[in-house]
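# Turn this into a model:
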Amino acid sequence: DVERSRGLGDVYKRQDSITLGVALLATVIATRTDKTGRKTYGSFRAEVFASGFTVLVMLAVSVYVVVEAIQRIGHPAEIATGQMMVVGVLGLAINVISIFILHSGSKESLNVKGAYLEVISDAAGSVGVILAGVLIKLTGNGLWDVIVALAIGIFVAARALILGKHVLAVLGQQAPEDIAIESVISDLETVPGVEGVHDLHVWTLTSGMNVATAHLLIDGSADPQDSLEMAQKVLQSKHSIEHATLQTETSPTEYCHLSW
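You can find the predicted model right below:
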């Protein structure tokens with residue numbers, strides 16, 4: 001009904017304010033210089049935590065919408081007033097503009113991606129309110145209100161899970177999806193002087209910042225420093241790994257080939 005539609009609108013606006021505010025705060029924290037000397041990787045992962053928070057908020061909102069939809073079953077739905085429709089259309093227009101602004105950045109930053117998906121979910125809510133009002137007016141069937149609300153809840157939850165998957169991959173220190181470990185090893189083994197590669201680990205610190213560690217088995221006749229520098233250039237140019245900690249050795253050390 002009208003009151004519950006207003007309630008859902010308030011929820012989406014609060015979701016907007018909270019998640020976008022957290023995203024902005026995370027960006028500020030990520031750029032701060034560490035003064036404690038203990039954050040050896042800086043505070044870049046603040047953006048990842050902010051994205052995780054966005055996931056939780058989106059899931060909470062989707063559950064709220066679904067519960068509200070179920071509670072509406074069996075109750076007559078009132079058609080949204082013209083004023084509400086106008087507000088809904090204006091809100092949708094703002095969301096569409098925000099979507100276009102955030103679209104390009106969402107491909108580069110997990111934090112921006114979280115804000116982008118959150119704005120999409122808000123836009124979906126606006127579309128849902130408008131669509132439900134039109135369908136009820138045309139058909140006189142209040143069940144459309146429930147169907148549209150359920151669809152919105154599922155839509156928001158699906159996008160939250162997609163974002164959550166990326167967040168967990170970063171926090172779990174998985175290799176980036178666009179980096180094939182076998183290819184990294186193969187390219188390193190083509191570096192002059194490198195006879196083998198082991199204990200290779202590649203992960204994402206935060207969006208656009210891939211790091212790696214590895215042991216390089218060097219031919220005894222090669223210059224380890226030259227091989228090291230060429231290996232770092234290969235990782236940077238072919239795999240976008242700008243920060244790599246590489247250990248060179250002429251024979252495997254006692255603590256190599258860790259099982260993890």
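# Could you give the number of residues near the closest residue to L235 other than its chain neighbours?
Spatial nearest neighbour of L235, chain neighbours left out: I241 (4.1 Å); criterion: CB to CB, 6 or more residues apart in numbering. The C-beta positions use only the backbone N, C-alpha and C, and glycine is treated the same way. Using other CB atoms under 10 Å, I241 has 19 other residues around it.
# cool, P192 as well?
Counted with other CB under 10 Å, residues neighbouring P192 total 12.
# just checking, it touches P224?
No - with contact defined as CB atoms under 8 Å, P192 does not reach P224; the gap is 11.6 Å.
# hmm, back to that, list the contacts for the residue nearest to L235?
Applying CB atoms under 8 Å, 6 or more residues apart in numbering, one finds that I241 lies in contact with 179, 184, 202, 210-212, 235.
# Quick check: bridge partners of it?
N210 (DSSP bridges).
# now do the one 5 residues further on
Residues in a beta bridge with L246, per DSSP bridges, are A214.
# That one - how many residues pack around it?
20.
# Could you check the pLDDT of it?
Predicted confidence (pLDDT) for L246: 95.
# hang on, isn't V63 packed against G153?
Yes - V63 lies in contact with G153 (CB under 8 Å); the separation is 7.3 Å.
# of the two, who's got more company?
G153 (24 against 13).
# my read is that one is in a helix, agree?
Yes - looking at G153 with DSSP: H, G, I helix; E, B strand; the rest coil, it is inside a helix.
# which residues in the stretch 1-150 of the chain form helices?
Listed in chain order, the helices of the stretch 1-150 of the chain (DSSP state H, counting those that start in this stretch) span 2-30, 46-72, 82-106, 110-139, 143-171.
# by contact count, what packs against the third one?
With contacts taken as 3 or more CB pairs under 8 Å, 6 or more residues apart in numbering; DSSP states H and E, helix 82-106 sits against helix 2-30, helix 110-139.
# Let's have these in a markdown table, adding distance to G42, mean neighbour count and mean pLDDT.
Shown next, in a markdown table, are the helices and strands packed on helix 82-106 (distance: least, CB to CB, whole Å; neighbours: other CB atoms under 10 Å; pLDDT from 0 to 100):
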| stretch | distance to G42 | mean neighbour count | mean pLDDT |
| --- | --- | --- | --- |
| helix 2-30 | 7 | 17 | 66 |
| helix 110-139 | 15 | 22 | 79 |
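# Columns distance to A157 on top of these, output as JSON lines?
Below are the helices and strands packed on helix 82-106 laid out as JSON lines (distance: least, CB to CB, whole Å):
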{"stretch": "helix 2-30", "distance to A157": "13"}
{"stretch": "helix 110-139", "distance to A157": "9"}
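# Lovely, talk soon.
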